[in-house]
Every structure is written in structure tokens, then in C-alpha cells.
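*Asks:* Quick one, fold the following:
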Amino acid sequence: METEEIQLAPPPRGRRGARTKRVRGIIFLKDVLTLGCTAFGGPQAHLAMMLRLLVDKRRYLTAAELLELTALCQILPGPTSTQTITAIGYRLGGPNLAYLTVLVWMLPAVTMMTLAGLTITYLDKTQVSNLVQYVQPIAVGFVAYSAYKIAEKVIHTKTSVALMVAAAMLAYRFQLPWLLPLLLLAGGAVTTFRYRKMPVLADKQPLQIEWANFVLWLGILIGAALLGSYTRLLPVRLFENFYRNGSLVFGGGQVLAPLLYAEFVEFKNYLSTQEFLSGLGLVQAMPGPNFSFASYIGGLAMRRDGSGIGGQILGAVVAAAGIFMPGTLLIFFLIRFWDQLKQYRVVKASLEGLNAVSAGLVCAATFLLYHPLPDTPANLGLVAATFFLLLWDKVPSYAIVAAGLLAGVLF
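*Replies:* Now for the predicted structure:
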């Protein structure tokens, strides 16, 4: 039986309904914390684990709805997996649950990367490489599983197959961050022409756009730049630097890394190349969003301020706030009227193309993430073993990752 066809019954109304909704929100936050502590491997691997826990097990939403939200977030700048899980929280419990969702989701990774920044002098690149050597191919296995499950659930027509293959080939051949949103828009445009096959809604609601979050995003972007230029305080400038990067980067943590290297290592010399590479290796072994790398850089950048450990923690906090806030504000702006947009046949028809291209991007990510790894039988075997263990559906995701980390420590 297809799990995406099963819908949760609406909660009862009145006091009992409010209590049920509150309990459901608490269970959802526990699930978010579980993902925040166990979801390794970046947005594509996060999608696989969300698919497994939030769709197949909990049925908070369908696989098609999860892909739809992911595609929507990929069009926006910012951390895709963070925006996706925030949007799910908004749909389940409104703004309050969404705010708690983003905090619970980012807290484990930000805390661990802050601690890594405080103790980086005791680590070297060799130790980091040894720690993550088995986690990396395991993460590729998660992405391969995600590609398989997504294609199984959303690819139903010849047009979808063609779009998926074309998107995968183009994304693999041209590894450009701005290409991803263009492919998504192009895929949606292709299936838009089928809008006449969609039913006409008799009670279509008028489109109402609330601009508050968009204005807030733009106001903070301009205000932080002016305040940093006027005060010259390092924490303020760090917030502005990361807020600007979070507002302009498409494509997730892999795209963010070279931008941060150019600004904070080559241009501003806040940390050394060795420190940057050590942190980049560590963040690959951390669960949760890769954008938590910003807290590591923010903590090290504050060393020059001479304010000690307290100053480094402040730097990590303002960096994390700066990098995550833009994407959160933008998804809050768009998600409020996204369901109204889907009432229009043109928009609804475009979802087939968006889902197909999303599946193709995940397929491409499988090969792109495997390509930098040494092409050894051990790595290939770990990818295959992870894929089949996930397909078997008997071993928890966190157990697979924990085994990889333990192997890195022992060997």
C-alpha cells in the first residue's frame, strides 16, 4: 500500500482538539530533534531521512508534498533542509511550531560546531580525515536511497522520466549553483502546458500576499550593513557578513563553503586554511544542517577580539543567527500563500515538472558526492550496504551512521 496516499485524520475541535494538536506538535519536535542528532550528509541525505521518518513512519505529509516543499526551498536562497523542515512545522502547527522547529533542528549541529571551534587547536587534518572516512560513503548511500524512493513515488509519466534524466545529466555536467533553481523553474514550465487537464476549482480563493517577512528580511539586510559600517564592532560585522551570505547563496552547504573560504580566509584572514579545512571535514561528520559551519567560523573569528571563550561563543551565536535567519524569513514569506498559489491550474500543473527535476537533482547528487571519494571496493561496498540496509527497513538510520563513526575511531 502506498503510504503517501494515507492521510492523517483531522484533529477534533474544541479543547480536546487543542490538546491533541499540542501533543502532536510535541511529538513532531521530538522527531525534529531526532533528525537534528542523526541526519548526516547534507540536504539530499536529510531528504532521505525526512522521507523515512516524517513521511513513511509518521505520515505528517505525503512524499509528493515533501518533494514539493523541497523544490520550493531550492528556488530560494538559504539552507534547503532547514527551510523544508521549517515549512513542515508551519503546516502542522503554524508560526509558533515553525519557530520552535528551526531552533530544535539547528541547535545540535550549532552546539557541536561551536565546541569544535573552541577545541580546534587539539585537532589536525589527519585526525579529522580518519574520523569521517567511513561516514562519507555512508552519506552517499543515504542519497542513493533517497533518489530511488523519490523516483518510485513521483515519476509516473514519460515526461517526468525525461525531465528527471535531463535534470540529472545537466546538474552532473554543469556544477553551478544558479543552475539548480533554473532547472526547477524550467521543469515546472514544461508541465505547465498541461494545465487544461487539471480540474477547475469552483471555490478558488483570491491570492493574498503578506509582505511583512519579506520587508523584515530586506530591512535586516540593509540595517545590518549600515550598523556594521557605523559601529565597526566585530560581532555586528560578523552577523552582517553571514546574513549577506545566507541571503545570496543557492545550493546548500557545498556551495556556501567556497564563498566563506574566499571571504574569511583569503580576504579577512580570520582563520587559516588548515583551520578552515579541519572545520569543513568536521561538519561533514556532524548531523543536521551544514550551514552550522558558520558557527565554527564565527567562533574562530572572534579570537582576534581578545574577549576569550565568552567572545568566541558570542561569535558562534551571531554567525549562526546570521546564516539561518534569511532563509527562515523567506520561507515564512512564501509558505503563507503557497497553498493559494496551488489553486491555480497553471501552478498545480507545474508541480509534476518540479517533482521530476527534484528527483533528477537527487540522482545527480548521488554521483557528485561519490566522485571526490577514493574509488575503492570498501567505499563502493559501504554505499551499497547502506542503500540495502535502508531498503530493508530494519536498521535505524542513526545506527548506520554511528557504526561508520565508530569504524573511523577504531581504524
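*Asks:* What's the biggest helix in this structure, counting residues?
*Replies:* What stands out as the longest helix in the chain, according to DSSP state H, is helix 80-118.
*Asks:* List the residues that contact residue 102.
*Replies:* By C-beta atoms under 8 Å, 6 or more residues apart in numbering, the contact list for residue 102 reads 82, 85, 86, 89, 324, 328. Quick note: C-beta positions are derived from backbone N, CA and C, even for glycine.
*Asks:* and if we set it to 10 Å?
*Replies:* Neighbour list for residue 102: 32, 79, 82-83, 85-86, 89-90, 289, 324-325, 327-328, 331-332 [criterion: C-beta atoms under 10 Å, 6 or more residues apart in numbering].
*Asks:* List just the nearest of those to residue 208.
*Replies:* Nearest to residue 208 among those is residue 332, at 15.1 Å by C-beta to C-beta.
*Asks:* ok so, going back, counting neighbours, which of the contacts of residue 102 comes out on top?
*Replies:* Within the contacts of residue 102, neighbour counts (other C-beta atoms under 10 Å) peak at residue 79, which reaches 34 neighbours.
*Asks:* can you pull out the helices in the stretch 101-250 of the chain?
*Replies:* Here the stretch 101-250 of the chain has its helices, by DSSP state H, counting those that start in this stretch, at 125-132, 135-154, 158-173, 179-192, 212-231, 234-248.
*Asks:* between these, which gets nearest to residue 340?
*Replies:* With C-beta to C-beta as the measure, helix 212-231 is the member of the helices of the stretch 101-250 of the chain nearest residue 340 (15.6 Å).
*Asks:* Pull out the buried positions in the closest one.
*Replies:* Along helix 212-231, these residues count as buried under the neighbour rule (16 or more other C-beta atoms under 10 Å): 213, 217, 220, 221, 224, 225, 227, 228.
*Asks:* Look up how far residue 68 lies from residue 289.
*Replies:* Per C-beta to C-beta, to the nearest Å, residue 289 is found 20 Å from residue 68.
*Asks:* I misspoke; the intended subject was residue 370.
*Replies:* Using C-beta to C-beta, we find residue 370 at a distance of 27 Å from residue 68.
*Asks:* now do residue 313
*Replies:* 38 Å.
*Asks:* Then residue 380?
*Replies:* In this structure, residue 380 and residue 68 are 33 Å apart, going by C-beta to C-beta.
*Asks:* Kindly report the same for residue 135.
*Replies:* Residue 135 is 30 Å from residue 68, by C-beta to C-beta.
*Asks:* go on, residue 23?
*Replies:* 27 Å.
*Asks:* who's more crowded, these two?
*Replies:* Regarding residue 23 and residue 68, a neighbour count based on other C-beta under 10 Å identifies residue 68 as having more, with 21 against 11.
*Asks:* burial count for the residue lying closest to that one once chain neighbours are set aside?
*Replies:* The shortest distance from residue 68 to any non-neighbouring residue, by C-beta to C-beta, 6 or more residues apart in numbering, is to residue 351 (5.8 Å). If you count neighbours by other C-beta under 10 Å, residue 351 ends up with 22.
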